[in-house]
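K.L.:
next come a sequence and a model predicted from it.
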Amino acid sequence: MKWINKILIRWNINFEIRTANDPFFLEVGNKIAKFQSAQDLKHELLLLNGNNKIAVGSFNNHLNHLTNAFNFQSNKKIPYTSACIGFGIDRFVYGLFLQLGNNINKWPKKIKMDLKIN
């Protein structure tokens, strides 16, 4: 999360990273969703456009839930932890267009350099 935070600050993009939980958990998963929130395990990246917020990515810490299931551990028998990151590229680009405009030639030079846009 730190790297995307640095990039978006460098680009002067309005964004928010907030604690979240997975909405697809059913009734039985309600405890899981509460656990995610309480343990600060899932974060959502939102690009801001006025009062509107567009979810463009998420960061999930699985702790050792998945690694225990497959007995992944170090040579010292310490369980590994795992995590994942997901981005909706189309949503991310849409959020950039909302903030920067649809004329890429007018975007700040540092953004075009970082994205390798001529």
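P.N.:
Yes, it's here.

K.L.:
okay, CA-based contacts and neighbour counts for the rest of this
P.N.:
Noted.

K.L.:
distance check, T67 against K109.
P.N.:
T67 sits 43 Å away from K109, taking CA to CA, to the nearest Å as the criterion.

K.L.:
shaky segments in the protein?
P.N.:
Applying pLDDT under 70 to the chain flags the ranges 22-39.

K.L.:
scan it for its longest helix.
P.N.:
If you go by DSSP state H, the chain has its longest helix at helix 89-100.

K.L.:
buried sites along it?
P.N.:
R91, F92, Y94, G95, L96, Q99 (16 or more other CA atoms under 10 Å).

K.L.:
and the residue nearest to the spatial centre of the chain, its phi and psi?
P.N.:
With distances taken as CA atoms, centre = their mean, S58 lies nearest the centre of the chain, 2.9 Å away. When read as degrees, to the nearest 10, the backbone of S58 gives phi -150, psi 160.

K.L.:
touching, it and A83? I think so.
P.N.:
No - contact criterion CA atoms under 8 Å: S58 and A83 do not qualify, at 10.7 Å.
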